[in-house]
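[1] model the following, please.
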Amino acid sequence: MQNYYATQLATLNTNMIQIGVLCEDAISSAIQGLLEDDSKTANRVSEIELEIDQYERDIERLCMRFLLMQQPVATDLRVVSSALKMISDLERIGDQAYDIADITKNHSFQGFDGKVHIKEMARAAIGMVTDNVDSYVKQDVKLARKVAEEDDRVDELFVKVHAELVSLIRSDINDSEQAFDLLMIAKYLERIGDHAVNVSEWVIYAVTGDHA
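    Coordinates of the predicted model:
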């Protein structure tokens, strides 16, 4: 029974790592489609999102079975309950990466200067998700807390992108549709940052028992 208990925890750990990696891949692929003007990338992101959804269901079933049948001790109970919370935010990250890809599928941004800071926002958001995965694997509270600091950078970039694109919309009617779409993409990246912060808070709770 003890071996089975350990195996189930190891499976949970592996699945949590994998869903985090898939979220990174989804964001990277969506932004690649934007920067390279590659509409085919949206299909790739759609496939990744389906994988994320499947992992969410698998992890949820695993956690519920663990809670009902194994009666975990305090530390393991926190790990399992935190995983249940985290997968909701990770699934939303996958959804928003798909939303970005869906915009790039239907519109071309080739030669449009307004996407410069979008790339920087995406890099920061991906870094947050990467740190989430690493902090979960290593049970590293310091790294998890760093994610909130990184979110400040994403928010700063969003304010910058918002100001630039709103100004462009007002001054150049010909580029207003592209600018509005990029503003939506920036908003999705800002939300990804928010979800990443939520995940980091549950990592901290899993390790320490404290939740912000």
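
[2] residue ranges with poor pLDDT in the chain?
    Along the chain, the parts satisfying pLDDT under 70 run over 1-2, 110-116, 172-175, 212.

[3] quick check: the most centrally placed residue in it vs residue 178, distance?
    Geometric centre of the chain, nearest residue: residue 93, 3.7 Å, by C-alpha atoms, centre = their mean. The gap separating residue 93 from residue 178 is 25 Å, by C-beta to C-beta, to the nearest Å. For glycine as for every other residue, the C-beta is placed from the backbone atoms N, C-alpha and C.

[4] got it, and residue 166?
    Taking C-beta to C-beta as the measure, residue 166 falls 13 Å from residue 178.

[5] so which of those two has more stuff around it?
    residue 178 (21 against 13; other C-beta atoms under 10 Å).

[6] quick check: which element contains that one?
    When elements are assigned from DSSP states H and E, residue 178 belongs to helix 176-208.

[7] and residue 210, by the same measure?
    Remark: residue 210 resides in no helix or strand, with elements defined by DSSP H and E.

[8] and it, how many neighbours does it have?
    Using other C-beta under 10 Å, residue 210 is surrounded by 9 other residues.

[9] what about the helix holding residue 178, distance to the chain center?
    Centre-to-centre, helix 176-208 and its host chain are 7 Å apart (C-alpha atoms, centre = their mean, to the nearest Å).

[10] only the buried residues of that helix, if you could.
    By 16 or more other C-beta atoms under 10 Å, the buried positions in helix 176-208 come out as 178-179, 181-183, 185-207.

[11] so what secondary structure elements neighbour it?
    Packed against helix 176-208 by the contact rule (3 or more C-beta pairs under 8 Å, 6 or more residues apart in numbering; DSSP states H and E) you find helix 2-35, helix 74-106, helix 116-138, helix 141-171.
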